[in-house]
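S.K.: have a look; sequence and predicted model below, questions after that.
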Amino acid sequence: MIQIAILGFGTVGTGVAKVVAENARQIERKLGEPLQVKAILVRTFRDGPFRQLMTGDFAKIEEDSAIRVVVEAIGGVEAAYEYTRRALSAGKHVVTANKQLVAERGCELLALAKKKNVNYLFEASVGGGIPILHPLTQCMAANRIDEVYGILNGTTNYILTRMVRTGAFFSDALREAQAKGYAEADPTADVEGIDAGRKICILADLAFGRQVDPEKVPVEGISKISLRDVKVAQRAGYRVKLLGRAVRMPGGGRTAYVAPHLIPEDNPLSGVEDVFNAVVLRGNATGEVMFYGRGAGEMPTASACVADVMEALQASPRREEIGWSAETGGFEDPLELQTRYYYRIEGSLADAAMAFGQVEVLSEDGETAFLTDPITGLDARRQSRCLNVLSCMRVL
């Protein structure tokens, strides 16, 4: 009998306990012996089928040599970091879906896991139930990864989908997402791009092999997107999506950011709707490879966590090393990237042409919406200073 512990019993922790119980036969067949949840760390005890497993004392888990894997499902950084550090130091594998902790302290925790000859795994931290980190670090190991980008937040993707399908304003679509449980009561981390920013940091860390400081990654969410822009883009054959992007720069540096983009309808990402996520990896040998699925939710995320538990147990004694250097140098301003830009201005085509030269007009009816030729973000900012800009987005 293999025994594990769960820290926290919210959405992810509950899902992990359910997956272990409901898929017991399949898990036992693959591990060669049964997997059992022995303890669940909680702040508040509550009735239910797992009540007898609950404890408020982490030391009981830390000191129990029979517990081989700890699933951290607390979220946040302070307590999660302290318990993770102590579990690894006690010689236990740790699995997590905590993207904030991995983005901010993952390099340190991976080094500690290596020192203690155990695993620190976090497949569920980026794509929920989408397997993306293992393919990035293993299946595409023969490639130089030049770019990673994608739809990394299901809440924002649901809101944008409703704006396109039903013509709902942002505020109305957000309330609908909250009513369905897709958005938190405080949706700031989702709608302002913070959640996607943590995820793109992890992807960039693994893709490029160096630490990306989350504080240096600019994030822009969708709260300022106008229904007018969504409709203009749709009529012109584009969809508005919130993307996280990490790019290898021509001089060998790297950059990352989160921002809304216009995506052409013929790009597969444009068809990713509702709470689904998709991540694209671009390798110098494979070209672009896309991974698609449910990026969050109790059971998809729990599935990825339990798969990491099984991988940690099957590795002998520790899986092939993953990680990245603590070196943070070489990070460049994403405004150095060249791309086309979408603008909607209060003014005429003549105003747009005076600022940017040749442009592609999308709409002209008192306001003018247009696309620029590829330019850097710095040039876009400089050339648009003379315009009354109503909205601006990048174009993928």
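M.R.: Thanks, I have it.
S.K.: can we go C-alpha only for contacts and neighbour counts from here?
M.R.: Will do.
S.K.: and N143, how many neighbours?
M.R.: As a burial measure, N143 scores 17 neighbours (other Cα atoms under 10 Å).
S.K.: is it correct that it is in contact with E288?
M.R.: No - N143 lies out of contact with E288 (Cα atoms under 8 Å); the separation is 11.3 Å.
S.K.: contacting residues for the residue lying farthest from the centre of the chain?
M.R.: Outermost residue of the chain with respect to the C-alpha centroid, by Cα atoms, centre = their mean, is A350; its distance is 40.5 Å. If a contact means Cα atoms under 8 Å, 6 or more residues apart in numbering, then A350 has no contacts.
S.K.: what about it, which helix or strand?
M.R.: Here A350 sits within helix 349-356, counting by DSSP states H and E.
S.K.: likewise for L281?
M.R.: Using DSSP H and E, L281 sits within strand 276-283.
S.K.: for that strand, C-alpha coordinates in PDB please.
M.R.: What follows is strand 276-283, C-alpha atoms only, in PDB (Å, rounded to 0.1, in the frame of the first residue of the first chain):
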ATOM      1  CA  PHE A 276     -10.900  25.500 -22.900                       C
ATOM      2  CA  ASN A 277      -7.200  26.400 -23.100                       C
ATOM      3  CA  ALA A 278      -4.600  25.700 -25.800                       C
ATOM      4  CA  VAL A 279      -0.800  26.000 -25.800                       C
ATOM      5  CA  VAL A 280       1.400  26.100 -28.900                       C
ATOM      6  CA  LEU A 281       5.100  25.100 -28.800                       C
ATOM      7  CA  ARG A 282       7.300  26.100 -31.700                       C
ATOM      8  CA  GLY A 283      10.500  24.100 -32.000                       C
END
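S.K.: ok, then the element right after it?
M.R.: Counting by DSSP H and E, the element after strand 276-283 in chain order, helix or strand, is strand 287-294.
S.K.: mind listing the strands that following strand pairs with, and their directions?
M.R.: With DSSP bridges as the test, strand 287-294 is paired with strand 276-283 (antiparallel).
S.K.: what mean pLDDT does the strand it pairs with get?
M.R.: When pLDDT is averaged along strand 276-283, the result is 96.
S.K.: could you do stretch 342-362 as well?
M.R.: Mean pLDDT, computed over stretch 342-362, is 96.
S.K.: where do the helices sit along the stretch 151-300 of the chain?
M.R.: In order along the chain, the stretch 151-300 of the chain carries the following helices (DSSP state H, counting those that start in this stretch): 154-166, 170-179, 188-191, 194-208, 227-235, 298-314.
S.K.: returning to that earlier point: check which residues of the helix holding A350 are buried.
M.R.: Within helix 349-356, the residues that qualify as buried are 349, 351-352, 355-356, counting by 16 or more other Cα atoms under 10 Å.
S.K.: so how far is D308 from V71?
M.R.: V71 is 9 Å from D308, where distance means Cα to Cα, to the nearest Å.
S.K.: among these two, which residue is more densely surrounded?
M.R.: Taking other Cα under 10 Å, V71 and D308 do not tie; V71 has more neighbours (28 against 24).
S.K.: what residues of stretch 277-297 count as buried?
M.R.: Judged by neighbour count using 16+ other Cα under 10 Å, the buried positions of stretch 277-297 are 277-283, 292-297.
S.K.: tell me the two of these that are most distant?
M.R.: Spatial extent of those (Cα to Cα) is set by the pair G283 and G297 at 29.2 Å.
S.K.: for the protein, which residues score under the pLDDT cut-off?
M.R.: The model of the chain has pLDDT under 70 over residues 316-321.
S.K.: most centrally placed residue in it?
M.R.: Centroid-nearest residue in the chain, with Cα atoms, centre = their mean: K199, separated by 3.2 Å.
S.K.: can you pull the contacts of it?
M.R.: K199 neighbours (Cα under 8 Å, 6+ apart): 99, 103, 125-126, 152.
S.K.: what do you get if the cut-off is 10 Å, keeping everything else the same?
M.R.: By Cα atoms under 10 Å, 6 or more residues apart in numbering, the contact list for K199 reads 98-100, 102-103, 125-127, 152-153, 205, 214, 244-245, 258.
S.K.: same thing with Q100?
M.R.: 75-77, 80, 106, 125, 194-195, 197-199, 201-202, 214.
S.K.: which element is it on?
M.R.: Assigned by DSSP H and E, Q100 belongs to helix 99-115.
S.K.: C-terminal to that helix, what's the next element?
M.R.: Taking DSSP H and E, what comes next after helix 99-115 is strand 120-121.
S.K.: and that next one, what other elements does it pack with?
M.R.: Contact analysis of strand 120-121 by 3 or more Cα pairs under 10 Å, 6 or more residues apart in numbering; DSSP states H and E lists strand 67-72, strand 93-96, helix 99-115, helix 298-314 as its packing neighbours.
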